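Enquirer: give me a model of this one.
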Amino acid sequence: MPLDATKVLLYAAGGPDYQMALGVAAMSGVPVSQVTGNFVDAWNAVAGGQQLVIAVGGAALNALYYNPCGWTNPGNHPGGHTPFIVINTPTDTSPGANYFVNAAGTTALDTLQIASAYTYYAVTGTSPAAFRAYPKVIQPAERCVGSADVPCPILQTPAGQGTSQPYWGVDSATQVTSSFYDCVVAAYGKPDFWGRYLTRVSGVSDGLTTTEVSFLHSNGVKILPIFNQFNQATGYSNGQQDAQMAIAAAKGLGIPNGVVIFADVEVTYSVDAQWIEGFVETLLQSPYLPGIYANPVTGPFNQAYCSAVSANSAVSQTILWSNEFEPGVSTKASAPAFNPASTTCPGTVWAWQYGENGAACSAGIDTDLVLPALFSKLW
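Expert: All right, here's what the predicted structure looks like:
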């Protein structure tokens, strides 16, 4: 019988693995509270046998099997040995005391796929529909890597800032000039990032310029790239074509590898699973990462996205920017706690447009929050 999501604990012993574990948890509906970077907490959970502990990444695998770093533990075992037994296959039942699941792959992508599939299996009792074979897990190594206590990146305070995560920013259809920027800072607060459209769409948006990029970067503001050169999101080949145009626009502006490019799927658009698959698969084969801005509550996006995830597990790597719920535009100082609406199937919602049409400046803005896992992938 599948486990309740609160009975699954994802353990990571490194910062990047922790961010990956948070994304995996979001995909399968596992609460953030069930993701830990603390070795003692993971040890207690494995020893107790009341939770299914999944080791995300090689550092966590090595720590729970060998404890090669000699980290302090409740059993007072010396480094080089633990009483724990590793399981190398997915399970949807509690294995009992001293067993944990290995979700560490040869590459980061392999680890993401294994951890996503194993976590999904734990809470549903089934494998993702598109999974025909899992990447091969690695075996534990007596090699000291990682840290005994990795802090949750969602709760960390960013360097150089006096506020805690998530990061606050705005997006606008209008080009950012010095007067527009000064008005936003005075009326709302200094944004950590600014969402801007990659290309000009007549009557809709100004296209991002290199002058604008230099101005924002010189003021310490990251750019969240948005692609909106389409008004319907149906058909696999159209999804591919839209992604290719987005990639070309990003390269033309000099956007570096590893940045997320968001497709702007408005609530009025027709959307199907095939378009989402085409867009996501094409972005995954590029230097960039796939993101989609959408309404998961109203309109066709939710059903289309869930159908796409069911048909193709790669779609679950999409970073979602939700525009629901909407408590309304606010200043940076009075931004709400991060609480976006998500899809009814597992979805990685790392961005939230919580307020629209702020009119304090002549060129309007929307207000947004993003989690640190996404902020590191902005430009």
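
Enquirer: starting at the chain centroid, how far to the helix or strand of the chain with the lowest mean pLDDT?
Expert: Least confident helix or strand, the chain: helix 15-28 with a mean of 85, by mean pLDDT, DSSP states H and E. How far helix 15-28 lies from its chain's middle: 7 Å, per C-alpha atoms, centre = their mean, to the nearest Å.

Enquirer: with stretch 351-369 instead?
Expert: 22 Å.

Enquirer: now do the buried residues in that stretch.
Expert: 351-355, 358, 361, 363, 365-369 (16 or more other C-beta atoms under 10 Å). Every C-beta, even on glycine, is put in place using the N, C-alpha and C of the backbone.

Enquirer: which residues touch it?
Expert: Identification of contacts with stretch 351-369 by C-beta atoms under 8 Å, 6 or more residues apart in numbering yields 166-174, 180, 183-184, 187-188, 193, 195, 224, 262, 291, 293, 319-323, 325-330, 335-336, 338-340, 370-371, 374.

Enquirer: which of those are buried? Put it as a PyMOL command.
Expert: To isolate the buried ones among those in PyMOL, judged by 16+ other C-beta under 10 Å, type:
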select buried, resi 166+167+168+169+170+171+172+173+180+183+184+188+193+195+224+262+291+293+319+320+321+322+323+326+329+330+335+338+340+370+371+374
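
Enquirer: give me the subset of the contacts of stretch 351-369 lying in strands.
Expert: 167-171, 193, 195, 224, 262, 291, 293, 319-322, 370 (DSSP state E).

Enquirer: of the residues you listed, which is the nearest to residue 100?
Expert: Of all the ones in strands among the contacts of stretch 351-369, residue 100 sits closest to residue 319, with 28.3 Å by C-beta to C-beta.

Enquirer: list the contacts for that closest one?
Expert: Contact partners of residue 319, counting by C-beta under 8 Å, 6+ apart, are 260, 262, 289, 290, 291, 292, 348, 350, 351, 374, 377.

Enquirer: which intervals of the stretch 51-200 of the chain have sub-threshold pLDDT?
Expert: 129-132, 153-164 (pLDDT under 70).

Enquirer: now the strands for it?
Expert: Along the stretch 51-200 of the chain, counting by DSSP state E, counting those that start in this stretch, strands occupy 52-56, 85-87, 99-103, 167-171, 193-197.

Enquirer: helix or strand next in line after the last one, which one?
Expert: Toward the C-terminal end, the helix or strand that comes next after strand 193-197 (DSSP states H and E) is helix 210-218.

Enquirer: tell me which other helices or strands that next one touches.
Expert: Secondary-structure packing of helix 210-218 (3 or more C-beta pairs under 8 Å, 6 or more residues apart in numbering; DSSP states H and E): helix 178-187, strand 222-227.

Enquirer: okay, buried residues for that helix please.
Expert: 212, 213, 215, 216.

Enquirer: list of residues touching it?
Expert: 175, 176, 177, 178, 181, 194, 196, 222, 223, 253, 254, 379.

Enquirer: then stretch 76-95?
Expert: With C-beta under 8 Å, 6+ apart, stretch 76-95 has contacts from 1-3, 7, 43, 46-47, 49-52, 55, 61, 64-71, 73, 75, 98-102, 117-118, 121-125, 127, 134, 137, 140, 142.

Enquirer: got it, and stretch 320-337?
Expert: 163, 168, 187-191, 262, 267, 291-298, 305, 339-343, 347-358, 365-369.

Enquirer: can you give me the mean pLDDT across it?
Expert: On average, the pLDDT along stretch 320-337 is 94.

Enquirer: repeat for stretch 356-367
Expert: On average, the pLDDT along stretch 356-367 is 95.

Enquirer: export that stretch to PDB, keeping only CA atoms.
Expert: Extracted as PDB, the C-alpha positions of stretch 356-367 are listed here (Å, rounded to 0.1, in the frame of the first residue of the first chain):
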ATOM      1  CA  GLU A 356      -0.800  41.900 -10.800                       C
ATOM      2  CA  ASN A 357      -1.100  45.400 -12.300                       C
ATOM      3  CA  GLY A 358       0.700  47.500  -9.800                       C
ATOM      4  CA  ALA A 359       0.000  51.100 -10.900                       C
ATOM      5  CA  ALA A 360       2.200  53.200  -8.700                       C
ATOM      6  CA  CYS A 361       4.400  53.800 -11.700                       C
ATOM      7  CA  SER A 362       3.200  54.900 -15.100                       C
ATOM      8  CA  ALA A 363       4.600  51.600 -16.500                       C
ATOM      9  CA  GLY A 364       2.800  48.900 -14.500                       C
ATOM     10  CA  ILE A 365       4.500  46.000 -12.800                       C
ATOM     11  CA  ASP A 366       3.500  42.600 -11.200                       C
ATOM     12  CA  THR A 367       5.000  41.400  -8.000                       C
END
